[in-house]
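A.B. asks: fold the following for me, if possible:
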Amino acid sequence: MIVNQSNTVSSYSAEDIERIIDSFYSPTSSLSSVQRQELNKVLENLQYSSSAWTFSWKLLDTTKSASVQFFGAVALCNKICKNLSELDENQIQQLFQQLTHYLIFHASINYKQITTKLAIGLSHLILHMAPDKWDNGLTSIIALFTQSRNEFLIQHPERGHLIALNMLTLLPEEFSRLTVSKSRRSSIRLELDKEFSTVLNYLQFIISSYSQPEILSKVFTCLAKWLEFGISVLKVEPFFDYLFNSLMNENLFNDVSECLSVIFTSPDALKYPTTFARLLPYVLQLETLLDQCITVGNKEKAESITKLITQFGENLPQLIVQNAQSHNFCRLIMKCTCMNGQYPIDETCSELTFNFWHALKEEIASSEENNTSLELFRPYFEHLIEILITKGQLPENEDVFSSEDKDVFRTYRTSIADTMMSMYDILHIRAMEILGNHLLISVEQSQSWQRQESIVYLIGAGSEYMQAEDNPVLPHIFSLISKLNFCNNRIINTTLAVLGQYSSWLGTHPDILQNCVHLCFNALSNRDLIQSASIALKELIKENRLYISKYLNDIFPIMKDVLESVHVQSDDRIRCVCIIGYILSAHPSKTVLEYFKILLVPEVNKLIKYLSETGDHQKENICITLNFISVLITSFGYYGNQVDEENMTNITEVLCCILRDLDSIFQMILKQYGDDVQITEKICEILSRSVTILRESSSLVLNTFLQLLQSMGPNILHSEFLNFVRNTLLLFSNNADSSVHPLFLAVTQKFGCLFNEEWLRNHVDTVEDVANFFAQIIKKLPAVVHHCPDEAFVLFIQFMKHGIQMHEQGVSRSISTLASNFIEYTKSNQRAAELLQQHGLEFVRILLQCIGTTSPRHLIESLFLPLFTLSKTYIQWATQWVQQCLNDPNFPSSSAKRHHREALLKILSSERTSRSSFKDHINIFASACREPTLNDNLS
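C.D. replies: Numbers count the residues shown, from 1 in each chain. Here you go, the predicted model:
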């Protein structure tokens, strides 16, 4: 094997490194994945080793393989960027001379990859030397490559200019990647700012002396990088005319576009509005170039020009609103928005303009002369709505779309809807009137379903703005719904979505709601429309339950067919169950029980069948069926807190009857799957949701529930189990003769049997759930906790000790809350207080160790809490225990000096310390303890 594991990186010779690289990058390499990982680690370490200063030059020899040469260039670049401090001044001067020599040589043989790396290294070297060690560095760099005595550069002066331009481009770009102090960065920035005039003069010289696109394109890239660096736009104003003229040069177009894009999006736009106003005529002249592109079908170039136009407008909406040429600019933008053709097949420009219209709307809305500005631009906004209708239409033949095109068009339609929302925001009811008029025309003229669908889609975008009861346009629009051309599922889907979006408004217009409900019913019979129909109907029922409940006899057979269909998706099935539950909740208990029997008997029969079969899929089927029952019960009781006493009595009677009937099948399931987490979760979910709905009335079935809990295995302690126990305790624990008090003790006993370090590590989610459960019960129901034996209190303390050392954020937060609540609880329980006193010193020692060294730093946000509560509850104990721990100068870390320890003790013994102040002091103490680790990381 090439790599000797006992070797240090400094012991590898250049020849060794060359063999490693060739072996690693060889296309015929037979290295295993483990060997490749080992080699990769060695190569990474070699790049930053001290020997890289030497071997890099040897690897750059042109007789070496391309991979070897490139590795040498990368290593040298990385060393210069990260470890230049390893060299003295003489070595840096030698490095500079060698680097420029190699850079010119590799440029002469057109080895671009290596030239790029060497140029980056040289730029970092120059930035390091400026300004103290190399005044006027940019002038010298230009002279170095353009006035060189190097034979190659003498024969090819344009290559020297290319290198110089590349260096001038890299310097502002690499400045952002420098790892230097703030003061050093500031001095380098000042030097670059000072020398930018040299760069400008040089660029103007290049423009006047050369015509080769290869050289001129570098001028625009260089300008762009200096502008991104922060050079003021004012300094490049002399280039404006040349930049726009250069757009006509096909070979320079892309680089000029990028440079102009940087100018248009510059933060200077707000500082120098007059300067940018002088750019507006240039931007308007882009229309000629845009027309040429459209004529010849150059879609990519048209997109670039549109991007420039819209970027200018987006960044300068105030200028557009106030400028005399604002109409010309808006007309140009509108031309881009309504560009002919199907997006994204024929054109890709229209979408780029949407942000401009939003920015213009925002500017007008925030303007002091809001009304005047709105009237000025209103025609454009109104025309934009008409364009959005057209551009948002689905194609007549969707086969023209690839799968990627479909995704792009879907996103495009979302952008259209967002733009329409801006129009609602600025035009208010007028926006809806325009859509209503177009919908009426489309119906009267029997226009295509695609156009009608697009109008309806945009109506849906206004649901957040237009749901006022007295909206005069909506009745007119919804009266046209039944007249739409429903010859395609797409328009039906869109219409159904809009019905759901306007469910609140429809609730105040029952005459219109009737037609909408029937549309949903009819759509449920179509397998492809079930999703949208069920979503719409669910929203309509949630807002208008009592009205729609009268359609029970119409909808139930349809829903039953949907539920029995094997083609229905699980989410759609559950949604349909919800709808039935909502509707049934408005009917008398006798009617409800009849329908529940129709629904549940087949489901119970399924469960019996699954229990008689074997196979893993049967567990999944049982969970699906239990979920059906859970959703039906939950949706039926969804309105329990919104109904009168009579209806609540109906709900109670139905649920208690159903739950008693289901008890036997639940017991059968638990007899077979009592230890299964997923199945018991579903049963506990049903019990928990039932208790939440029934509240005090759940006492009627409480014994049944408790027997089900007893049938579950000893390892069942998941969140749904705990939710049920918590809800039950909160409801019934205040009863003097309550039978639920043993529930809490049962949980502690279960947890006690499972509790050990390995179990904690392997069940992090459960640990968090259990800690939250105990914390809540201790806080809210201390009377329940009083019934616990001493063993339970010891368990809490042991849980606190082990849990506080875990590194998961959720667990840390939950355990800290548990510890804080338990410490506070012990004030009311002498037995618990005595046990805390026995174990308190050990707990505090563990807690301080976590704060000081062992726990991740971000956990201090929660770890401080138990110590804070202890100091407020038992100030003497807290001070005494912390003092005992900190008497050891090496605990929790030797970095915590005497004054750090004294400050912690002082804050502990202060009775007036706020929680936030205490946390700040704990953070300071934690930082002091971790100082060596921070220094190690920095080094």
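A.B. asks: show me the chain divided up by domain.
C.D. replies: When the chain is parsed with the TED database, its domains come out as 13-69, 87-231, 755-934.
A.B. asks: and Leu192, what does it touch?
C.D. replies: Contact analysis of Leu192 by Cβ atoms under 8 Å, 6 or more residues apart in numbering lists 130, 138, 171-172, 175, 229. Heads up, the C-betas are built off the backbone N, CA and C, glycines and all.
A.B. asks: okay, it and Ile860: tell me how far apart.
C.D. replies: Distance, Leu192 to Ile860, by Cβ to Cβ, to the nearest Å: 41 Å.
A.B. asks: hmm, back to that, which one (most neighbours) among the contacts of Leu192?
C.D. replies: Ranked by neighbour count under the definition other Cβ atoms under 10 Å, these are headed by Leu171 with 26 neighbours.
A.B. asks: centroid residue for this structure?
C.D. replies: The centroid of the chain falls nearest to Thr411 when counting by Cα atoms, centre = their mean (17.8 Å).
A.B. asks: that residue: which element?
C.D. replies: helix 403-427 (DSSP states H and E).
A.B. asks: low-confidence stretches in the stretch 751-900 of the chain?
C.D. replies: Counting by pLDDT under 70, not a single residue of the stretch 751-900 of the chain qualifies.
A.B. asks: about what we covered before: name the next helix or strand downstream of the helix holding Thr411, please.
C.D. replies: From helix 403-427, the next helix or strand downstream (DSSP H and E) is helix 429-444.
A.B. asks: residues making contact with that following helix?
C.D. replies: So helix 429-444 is contacted by 382, 385-386, 389, 420, 423-424, 427, 447, 451-452, 455-456, 458-459, 462, 466, 471-474, 476-477, 480, 483-484 (Cβ under 8 Å, 6+ apart).
A.B. asks: mind checking which of the residues you listed land in helices?
C.D. replies: Members of these lying in helices (criterion: DSSP state H): 382, 385-386, 389, 420, 423-424, 427, 451-452, 455-456, 458-459, 474, 476-477.
A.B. asks: buried ones among these?
C.D. replies: Buried members of the ones in helices among the contacts of helix 429-444, counted by 16 or more other Cβ atoms under 10 Å: 385, 389, 420, 423-424, 427, 451-452, 455-456, 458-459, 474, 477.
A.B. asks: which one of the residues you listed sits closest to Gln531?
C.D. replies: Proximity of those to Gln531 (Cβ to Cβ) peaks at Val456, which lies at 17.4 Å.
A.B. asks: what does the pLDDT read for the closest one?
C.D. replies: The model reports Val456 with a pLDDT of 98.
A.B. asks: before we move on, what about the one 3 residues further on?
C.D. replies: We note a pLDDT of 97 for Ile459 in this prediction.
A.B. asks: tabulate the domains of the chain (a markdown table), appending distance to Phe240.
C.D. replies: Output for these, formatted as a markdown table (distance: least, Cβ to Cβ, whole Å):
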| stretch | distance to Phe240 |
| --- | --- |
| domain 13-69 | 43 |
| domain 87-231 | 11 |
| domain 755-934 | 50 |
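A.B. asks: any low-confidence regions in the protein?
C.D. replies: 1-10, 640-644, 735-738, 932-939.
A.B. asks: what about the strands in it?
C.D. replies: For the chain, strands defined by DSSP state E do not occur.
A.B. asks: distance from the chain centre to stretch 756-771, please.
C.D. replies: On the basis of Cα atoms, centre = their mean, to the nearest Å, stretch 756-771 sits 28 Å off its chain's mean C-alpha point.
A.B. asks: hang on, I meant stretch 777-791
C.D. replies: So, by Cα atoms, centre = their mean, the centroid of stretch 777-791 is 41 Å from its chain's centroid.
A.B. asks: swap in stretch 16-28?
C.D. replies: With Cα atoms, centre = their mean, you get 41 Å for stretch 16-28.
A.B. asks: quick check: buried residues in it?
C.D. replies: For stretch 16-28, the neighbour count (16+ other Cβ under 10 Å) marks 16-18, 20-25 as buried.
A.B. asks: for Ser699, which non-adjacent residue is closest in space?
C.D. replies: Phe732 (6.8 Å; Cβ to Cβ, 6 or more residues apart in numbering).
A.B. asks: now tabulate the contacts of Leu192 in a markdown table and tack on distance to Ile693.
C.D. replies: As requested, these are exported to a markdown table (distance: Cβ to Cβ, whole Å):
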| residue | distance to Ile693 |
| --- | --- |
| Ala130 | 74 |
| Leu138 | 76 |
| Leu171 | 70 |
| Pro172 | 66 |
| Phe175 | 64 |
| Phe229 | 64 |
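A.B. asks: got the CA positions of stretch 439-451 in PDB?
C.D. replies: Taking Å, rounded to 0.1, in the frame of the first residue of the first chain, the C-alpha atoms of stretch 439-451 are listed here in PDB:
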ATOM      1  CA  LEU A 439     -66.000  35.800 -16.900                       C
ATOM      2  CA  LEU A 440     -69.400  37.000 -18.200                       C
ATOM      3  CA  ILE A 441     -68.000  37.600 -21.700                       C
ATOM      4  CA  SER A 442     -66.400  34.200 -21.700                       C
ATOM      5  CA  VAL A 443     -69.700  32.600 -20.800                       C
ATOM      6  CA  GLU A 444     -71.800  34.600 -23.200                       C
ATOM      7  CA  GLN A 445     -69.300  34.000 -26.100                       C
ATOM      8  CA  SER A 446     -68.800  30.300 -25.100                       C
ATOM      9  CA  GLN A 447     -65.000  30.900 -25.000                       C
ATOM     10  CA  SER A 448     -62.600  28.100 -24.300                       C
ATOM     11  CA  TRP A 449     -62.600  26.300 -21.000                       C
ATOM     12  CA  GLN A 450     -59.000  27.200 -20.600                       C
ATOM     13  CA  ARG A 451     -59.800  31.000 -20.600                       C
END
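A.B. asks: no further questions, thank you.
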